[in-house]
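In: output the structure for:
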Amino acid sequence: MRSKRHLKIVNIIKNEDIGTQEELVERLLEEGIEVTQATISRDIKKLGLIKVPDGFGGYKYSMPAERKQADMNKWLRRMFRDFVVDMDWSENLIILNTLPGTANGLGSAIDNMEWEEVIGTVAGDDTLLLVVKPKEETQGLYARLQGYLN
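Out: Coordinates of the predicted model:
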């Protein structure tokens, strides 16, 4: 649940100006995720969020640019270990079988990695499809993803 909540927090602050922990709690509640201010405080620290000027005289939460990629890799690794139960590939497609209800969150995390060879993801409830281009990159990406399981 924590990984899904962290993914939702990152997506919210990436797309909206959230200036307080209370605003973040409210947005998560709107998304159906019940949290307390104390939990959000711990999440903010764990994600390494910082406050930056919002351009209107206030401040908003943001991911620190220099830590973003390292944090995302660590986070994706944890999601793979927690959610992925099987993987396979063929031609330019990689299929990830996940625990029920987790494929969408994992797909969003992979999309946020902005890997050049992944041109798109399609998520069901417990299956995630990655489309790879060019197809010669598929086996290498598959090996990288297998590394996230260890």
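In: center of the chain - which residue?
Out: residue 109 (2.7 Å; C-alpha atoms, centre = their mean).
In: list the buried residues of stretch 35-53.
Out: By 16 or more other C-beta atoms under 10 Å, the buried positions in stretch 35-53 come out as 35, 39-40, 43-44, 47, 49. C-beta: built from backbone N, CA, C; applies to glycine.
In: quick one: that stretch to chain centroid distance?
Out: Computed by C-alpha atoms, centre = their mean, to the nearest Å, the chain-centroid distance of stretch 35-53 equals 16 Å.
In: that one: end-to-end distance?
Out: End-to-end distance for stretch 35-53: 26 Å, by C-alpha to C-alpha, to the nearest Å.
In: go on, stretch 31-49?
Out: Note: stretch 31-49 ends 20 Å apart using C-alpha to C-alpha.
In: the helix or strand encompassing residue 139 - contacts with which helices or strands?
Out: In this assignment (DSSP states H and E), residue 139 forms part of helix 138-148. Contact partners of helix 138-148 among helices and strands, from 3 or more C-beta pairs under 8 Å, 6 or more residues apart in numbering; DSSP states H and E: helix 65-83, strand 84-90, strand 93-98, strand 127-132.
In: model confidence over stretch 40-47, on average?
Out: The average pLDDT for stretch 40-47 rounds to 89.
In: how near is residue 35 to residue 93?
Out: Between residue 35 and residue 93 the distance is 36 Å, computed by C-beta to C-beta, to the nearest Å.
In: now do residue 109
Out: Residue 109 is 19 Å from residue 93, by C-beta to C-beta.
In: just checking, what packs against the helix or strand hosting residue 45?
Out: Secondary structure assignment for residue 45, by DSSP H and E: helix 37-47. Applying 3+ C-beta pairs under 8 Å, 6+ apart, one finds that helix 37-47 makes contact with helix 2-15, helix 21-30.
In: identify whichever of the helices and strands packed on helix 138-148 lies nearest to residue 21.
Out: The closest of these to residue 21 is helix 65-83. By C-beta to C-beta, the value is 19.2 Å.
In: count the residues that sit near the nearest residue to residue 99 once chain neighbours are set aside.
Out: Closest residue to residue 99 apart from its sequence neighbours, by C-beta to C-beta, 6 or more residues apart in numbering: residue 83 at 5.3 Å. The tally of other residues near residue 83 (other C-beta atoms under 10 Å) stands at 22.
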